[in-house]
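**Student:** what follows is a predicted structure for the sequence shown.
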Amino acid sequence: MRLRAIPKSQRLPELATVRTNWVCILQHLLRRVAALVLIVLAGGILCATLVRFSPGFGIDERELDSRLNSASIAAIRDSHPDNRSLPNFYAQYIRNILRGEFGTSETFQRPISELMRERSNVSLRSLALALPGAWMLVLTGAILITAVRNRGLDVFSSVLAGALMATPAAMVALWAASTGRGTGIALILILVPTLYRYARNILERSFRKMHVMAARARGISTSSLLVWHVLPVAAPQIIGLFAVSISMAFGALIPVEFICDSPGIGQLALQAALGRDLPLLVTLTMVVTVLTFMANTAADAFNEAMTPVSA
């Protein structure tokens, strides 16, 4: 019996479906890129606006020198004319970015790209220790508390997490600096209590789902419940929480690195804020915005990949 070839009229819908899928993927990527550009530009101009209209902007410490005459003070004030007008500053800043330049820091009198390269290595080492360490403690504690189902232990862990959350980040950083623990340990102590409360609540809600209660009624062991019924349901929310923890870690870097005298991005951001260094502050805001957006996008993509496609 001869095999009959499939008519072209029947193959065209399959080809159209493939093309439609590629078009959808391309449109999705273009929307993500457009959203990233708009968010970065909006974050930069909001940061520039807040700094420009903050109290004391435009005041140079050299103006406080009583030995200077009025002409010298006027020359100092005229040394940064671009920062006086916010639209002119931001337009010039965007033009410099398109040329691959971020400008020069007014506080350090050095190229911003050079400062970012030097300081980012220190901060990345701290984050490489803090994020995995914090999440190992958070997941271990949340899974154990959920699995044991002991009311007293649950209350104790919640009280302990609440006490650590109420401790100021500056106090934790001061303890780390005085004992020589380093910025990584301080970041772990700051991140763990908040992440634990959210992770524990996510697992607890997943443990109370109807299908989990039905599985418990059938006599399935707690470990099997966690592996096959609780964790898969809680995974998308845990992944989203991990993306949020990256932004939390960058925020905690500012007091920790400043108090521990660690020359990283956090210390650089605080020094730029104290010096009202507008170009450096806008650059740091854009960098953190890009990293936050990329972390959230990666979490969304991972969750979409884990979601089963209905036929």
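**Tutor:** Cool, got the structure. Numbering: from 1, shown residues only.
**Student:** how far away is residue 220 from residue 210?
**Tutor:** 14 Å (C-beta to C-beta, to the nearest Å). (C-beta placed from N, C-alpha, C; glycine too.)
**Student:** show me where the protein has helices.
**Tutor:** With helices called from DSSP state H, the chain shows them at 8-52, 70-77, 86-98, 112-148, 151-166, 169-179, 183-207, 210-217, 222-225, 231-259, 265-274, 278-306.
**Student:** rounded mean pLDDT for the second one, please.
**Tutor:** Helix 70-77 shows a mean pLDDT of 67 in the predicted model.
**Student:** one more: the fifth one?
**Tutor:** Rounded to a whole number, the mean pLDDT of helix 151-166 is 90.
**Student:** contacts for it, please.
**Tutor:** With C-beta atoms under 8 Å, 6 or more residues apart in numbering as the test, helix 151-166 has contacts from 141, 145, 189, 192, 193, 194, 196, 197, 200.
**Student:** try 6 Å this time
**Tutor:** 145, 193, 194, 196, 197 (C-beta atoms under 6 Å, 6 or more residues apart in numbering).
**Student:** among those residues, which one is most surrounded by other residues?
**Tutor:** Highest neighbour count within these, by other C-beta atoms under 10 Å: residue 196, with 24 neighbours.
**Student:** which ones are touching that residue?
**Tutor:** By C-beta under 6 Å, 6+ apart, residue 196 lies in contact with 138, 141, 161.
**Student:** turn the residues you listed into CSV, columns for neighbour count and distance to residue 283.
**Tutor:** Below are the contacts of residue 196 laid out as CSV (neighbours: other C-beta atoms under 10 Å; distance: C-beta to C-beta, whole Å):
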residue, neighbour count, distance to residue 283
138, 26, 32
141, 18, 37
161, 19, 35
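**Student:** kindly indicate which of those residues lies nearest residue 225.
**Tutor:** Nearest to residue 225 among those: residue 141, at 18.0 Å, using C-beta to C-beta.
**Student:** nearest residue to the closest one in space, please, no chain neighbours.
**Tutor:** Among residues not flanking residue 141 along the chain, residue 196 sits closest, at 5.8 Å (C-beta to C-beta, 6 or more residues apart in numbering).
**Student:** before we move on, back to that, so which of the helices of the chain gets nearest residue 105?
**Tutor:** Residue 105 sits nearest to helix 278-306 of all the helices of the chain, at 4.6 Å, using C-beta to C-beta.
**Student:** can you name every helix or strand that the closest one contacts?
**Tutor:** Counting contacts by 3 or more C-beta pairs under 6 Å, 6 or more residues apart in numbering; DSSP states H and E, helix 278-306 is packed against helix 8-52, helix 231-259, helix 265-274.
**Student:** out of those, deepest packed?
**Tutor:** Of all the helices and strands packed on helix 278-306, helix 265-274 carries the top mean neighbour count, a mean of 21, counting by mean count of other C-beta atoms under 10 Å.
**Student:** residue 262 versus residue 121, what's the distance?
**Tutor:** Residue 121 sits 11 Å away from residue 262, going by C-beta to C-beta.
**Student:** ok, these two, which is more surrounded?
**Tutor:** residue 262 (24 against 12).
**Student:** quick one: which of residue 220 and residue 210 has more around it?
**Tutor:** Between residue 220 and residue 210, counting by other C-beta under 10 Å, residue 220 is the more crowded of the two (14 against 7).
**Student:** excluding chain neighbours, what is closest to the residue most central in space within the chain?
**Tutor:** Most central in the chain under C-alpha atoms, centre = their mean is residue 247, positioned 2.3 Å from the mean C-alpha point. In space, and not counting its chain neighbours, residue 247 is closest to residue 292: 4.8 Å by C-beta to C-beta, 6+ apart.
**Student:** may I see the buried residues of stretch 285-304?
**Tutor:** For stretch 285-304, a neighbour-count test (16 or more other C-beta atoms under 10 Å) marks 285, 286, 287, 288, 289, 292, 293, 295, 299, 302 as buried.
**Student:** quick revisit: tell me which of the contacts of residue 196 is nearest to residue 224?
**Tutor:** So of the contacts of residue 196, ranked by how close each gets to residue 224 (C-beta to C-beta), first place is residue 141, at 20.6 Å.
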